[in-house]
Structure formats: C-alpha cells, structure tokens
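> Build me a model from this:
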Amino acid sequence: MKKAIILDLDNTIYPVSSIAEDLFTKVLAFLDSLADELSADEISKAKEDMKRRPYQQVAAQYNFSEVAKSKGIELLKNLEYSLPMQPYEEYKYISDTTIVKFLVTTGFTKLQWSKIKQLSIEKDFKAIYIVDPEVSSDTKKDIFAMIMSTHSYKPSELLIIGDDPESEIKAATLLGIDTFLFDPENRYPNALVTYSSKKLKDAVPLFS
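Prediction:
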C-alpha cells in the first residue's frame, strides 16, 4: 500500500510549452547569441531541450563555453514567471486524492517558486523541495532518500510520478521506489519504469 507520492513539476503537473514563449524570450535570445560557438542545429535542439531539462544539463550537453554557462546562469537565476498558469486538466484527479504528497523539482529557486505560486498548488503538498544546482549539490535521489528517512517510509510505500526517465524516474529506481512515467507524446516507449501512460490520471489507481 502506498503511503505517499512524490511528484515532479515541469511537464508533469503543467506543460512547459504553455509558458515557454513568455518565459524564455530572453533565454532563447541568449541561445541565439551563441552562434559563434554552436551550430544553428545545436541552438535549435538546445532550445527544445530547455523546455524539458535543467539549464546546467543543456549547457553541458552542448559544451557551452564557461563564459556562456555563467551568462545563462546569471540570466536564469533571477527570472520569475508572473502570468497566469494552469496545470494539466488531469492533475485534478491527483490533487483531489487524500494521499500525502511531496513535490520535488529541479531548477532555479526563484523561478520554480514563482511557477508553483502561479499554479496555486502549494496547499496540495506536505512539503516542497527545489533541487537547485546553484545552491546545493543535493540531487533528486538525495531528496527522495531524505523523505524516506524523515518520514520512515519504505520504498514500497512510495510512488514517484514524473516525465523524465533520466531524472526523477532513474533516481527513484536506484532507491527501489515504484515509478510512474507520464509520457503523453510516447517519447520513451522503452524506458525502464514500473508504470507508464499517456494519461496522468492513470497514476491514481496505483495509490488510491
């Protein structure tokens, strides 16, 4: 029996694509400015990856220069999102359940908190943790382990819900925790997960 669930934020509770144009105007312009060190194809791919992955990972994958990495970090760490936001419609099926919920998300602290507040989801969670590489070396795996230790949960009593096989899903798997991959576009048909679905509401029967 599951005693708690742990959710990711970006592309799990809401679609990043819904805010990307407004949020990343300055960021996309910054990526365009890297034409001297990245090809047009790399810049295009980096822009798409920024919608799904932390900036530091994107910068590492495309070998941004140290100067470019620093400029991107300076830009992003002070960003906030202030326009209205809506979660995925099916998120209500999860928020309406009474199970204990935790939110664990990776990103810049100020930006992630601004999105959480615009979504009005703070009340849904027992605790919210932001994994910010600029603030701490802690990873999602570390936070999952801490939650288990603090609340005396066994791995079998938890379910991780997220969209990224290489982030929260992998971290949970390494700890022996069941995972639910929300994959609406069927991007990861061969991902190593416990459960996978194109519909977020399909997670509910697994813990309720």
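> CA atoms for contacts and neighbours, from now on please.
Will do.
> for this structure, what spans make up the helices?
With DSSP state H as the criterion, the chain has helices at 17-23, 25-32, 40-49, 55-61, 66-76, 91-95, 109-119, 140-151, 168-174.
> Adding distance to residue 182, write these out as JSON lines.
As requested, those are exported to JSON lines (distance: least, CA to CA, whole Å):
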{"stretch": "helix 17-23", "distance to residue 182": "15"}
{"stretch": "helix 25-32", "distance to residue 182": "26"}
{"stretch": "helix 40-49", "distance to residue 182": "17"}
{"stretch": "helix 55-61", "distance to residue 182": "21"}
{"stretch": "helix 66-76", "distance to residue 182": "26"}
{"stretch": "helix 91-95", "distance to residue 182": "11"}
{"stretch": "helix 109-119", "distance to residue 182": "19"}
{"stretch": "helix 140-151", "distance to residue 182": "17"}
{"stretch": "helix 168-174", "distance to residue 182": "10"}
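> Which among those helices is found nearest to residue 131?
The closest of the helices of the chain to residue 131 is helix 140-151. By CA to CA, the value is 6.7 Å.
> got any ranges where this structure has weak pLDDT?
Of all residues in the chain, none has pLDDT under 70.
> can you list the domain ranges for it.
The chain breaks down into these structural domains: 4-14+83-206, 17-76 (assignment by automatic domain parsing).
> now the end-to-end length of the first one.
Looking at domain 4-14+83-206, the gap from its leading to its trailing residue is 11 Å under the measure CA to CA, to the nearest Å.
> what does the last one give?
Distance between the boundary residues of domain 17-76 (CA to CA) amounts to 17 Å.
> repeat for stretch 161-177
End to end - CA to CA - stretch 161-177 spans 11 Å.
> List the contacts of it.
Residues outside stretch 161-177 that contact it (CA atoms under 8 Å, 6 or more residues apart in numbering) are 5-9, 11-12, 140-141, 144-145, 155-160, 178-183, 188, 191-193, 203.
> coming back round to it: the domains of the chain into TSV, with extra columns for mean neighbour count?
Listed next are the domains of the chain as TSV, based on neighbours: other CA atoms under 10 Å:
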stretch	mean neighbour count
domain 4-14+83-206	17
domain 17-76	15
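> For residue 88, give its distance to residue 15.
From residue 88 to residue 15 the distance is 7 Å (CA to CA).
> Just the contacts of stretch 161-177: which are in strands?
Under the assignment DSSP state E, the contacts of stretch 161-177 contribute 5-7, 158-160, 178-182 to strands.
> among these, which two are most distant?
The widest separation within the ones in strands among the contacts of stretch 161-177 (CA to CA) is 16.3 Å, between 158 and 182.
> most residues in a single strand of this protein, which one?
If you go by DSSP E, the chain has its longest strand at strand 100-106.
> Report the strands that pair with it, each with its relative direction.
strand 4-7 (parallel), strand 127-131 (parallel) (DSSP bridges).
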